[in-house]
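Engineer: Attaching a predicted model along with its sequence, questions to come.
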Amino acid sequence: MKQWMGEEAWELLGKEFYGRLGISVGDQPYIVPVNYVLDGKKIYIHSANKGRKLDAIRANPKVCFEVSEPEKLVKGEKPCQFGVRYWSVLAFGDAAVVEDPEEKLSALELLGRKYGGDDIPCTIGPEDVPRVTVVKVSIKEISGKRNVDNRNQG
């Protein structure tokens, strides 16, 4: 049974380890896995200073961002009866390269805390800011769904 998520979609988007950024490169769709952090209704992604992803975002800022996780495989008597229990979240919005050095440093610190945790102190300084590019996705729409077992079935 499919269930649509409300606030839970934001929670899952915030906690997932990595996501997939969907962009357009000319007339070709392009999906790239990225490390990210959610800050309010913005997603921050760190990137190299050059590349296909940045060229595409500058040409067309409309993006889609996806996170998902399979929970279990449900087998049937025939392959066509198999299914997967999962959750997924899609966020749609506009992407832009962060130009403001303070916002960029703040995003890098958030990324450092997310991926370094308490074990690795975040020691990003102003001298580190030019070494990477930070992309901000301003979320305009979010949806999520979960395919779950019926409550009467184990």
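Structural biologist: Arrived safely. Bear in mind that the values here come from a model prediction, so they are computed numbers and not experimental data.
Engineer: what pLDDT does the residue most central in space within the chain get?
Structural biologist: In the chain, the residue lying closest to the centroid (CA atoms, centre = their mean) is G19, at 3.5 Å. The predicted structure scores G19 at 97 on the pLDDT scale.
Engineer: Distance check, it against E127.
Structural biologist: 28 Å (CB to CB, to the nearest Å). Using the backbone N, CA and C atoms, a C-beta is placed for each residue, glycine as well.
Engineer: shouldn't the residue nearest to the centre of the chain be in contact with E69?
Structural biologist: No - between G19 and E69 there is no contact, the gap being 11.2 Å when judged by CB atoms under 8 Å.
Engineer: Heading C-terminal from the worst-scoring helix or strand of the chain on mean pLDDT, find the next helix or strand.
Structural biologist: Every helix and strand of the chain was ranked by mean pLDDT, DSSP states H and E. The lowest is strand 2-5, at a mean of 69. Next in sequence after strand 2-5, counting helices and strands by DSSP states H and E, comes helix 7-15.
Engineer: Give the other helices and strands that that following helix contacts.
Structural biologist: For helix 7-15, the elements it packs on are strand 36-39, strand 62-74, strand 83-97, strand 133-147, judged by 3 or more CB pairs under 8 Å, 6 or more residues apart in numbering; DSSP states H and E.
Engineer: redo that, cut-off 7 Å
Structural biologist: strand 83-97, strand 133-147 (3 or more CB pairs under 7 Å, 6 or more residues apart in numbering; DSSP states H and E).
Engineer: So what angle separates the directions of the first one and helix 7-15?
Structural biologist: Orientation check (axes from the mean of the first three to the mean of the last three CA atoms, to 10 degrees): strand 83-97 against helix 7-15 gives 70 degrees.
Engineer: Also the last one?
Structural biologist: With the same axes, to 10 degrees as the criterion, the two stretches strand 133-147 and helix 7-15 enclose an angle of 140 degrees.
Engineer: Please identify the buried residues of strand 133-147?
Structural biologist: 133-137, 139, 142, 144-147 (16 or more other CB atoms under 10 Å).
Engineer: Residue ranges in this protein under the pLDDT threshold?
Structural biologist: Low-confidence segments of the chain (pLDDT under 70): 1-3, 120-122, 150-154.
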